[in-house]
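Asks: no FASTA, just this:
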């Protein structure tokens, strides 16, 4: 299996982790009845940790389609290489580190880690587009 495809498979696992961590924190705040109910009633604003976990999840969901296009693209186009595999692993590592940084409210370093992940995926896109 191409490393880029393994990165994508692990990216799916990381997505499940994002979803589970966020919903568990929200359930802790609002209760199991809220979680198992229709969620039709207005609830108080989420606490800061829930808010951060939801924003981290949303940010991941915003960038994941770009990663899928880039990594699948280089594999399908026959442009996968050590560079694209390495960039994929760097992106995945950055995104794995990003979650606990956002969860715990670490400023600036979180943004730097996000930028490293972005640079890695832009590298893959560059290979896909320009060769």
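Replies: Done, it's in. Because the structure is a prediction, the values reported are computed rather than measured.
Asks: list the contacts of residue 8.
Replies: 67, 68, 71, 72, 88 (Cβ atoms under 8 Å, 6 or more residues apart in numbering). Glycine gets a C-beta too; all of them are placed from N, C-alpha and C.
Asks: whichever of those residues end up buried, select them in ChimeraX.
Replies: One line in ChimeraX is enough to select the buried members of these, burial here meaning 16 or more other Cβ atoms under 10 Å:
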select :67,71,72,88
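Asks: which members of the contacts of residue 8 occur in strands, if any?
Replies: Counting by DSSP state E, none of the members of those fall within strands.
Asks: nearest to residue 117, of the contacts of residue 8?
Replies: residue 67 (8.8 Å; Cβ to Cβ).
Asks: hang on, the closest one packs against residue 121?
Replies: Yes: proximity of residue 67 to residue 121 meets the contact threshold set by Cβ atoms under 8 Å, at 5.5 Å.
Asks: give me the three-state assignment for residue 41.
Replies: The three-state label for residue 41, taken from DSSP: H, G, I helix; E, B strand; the rest coil, comes out as coil.
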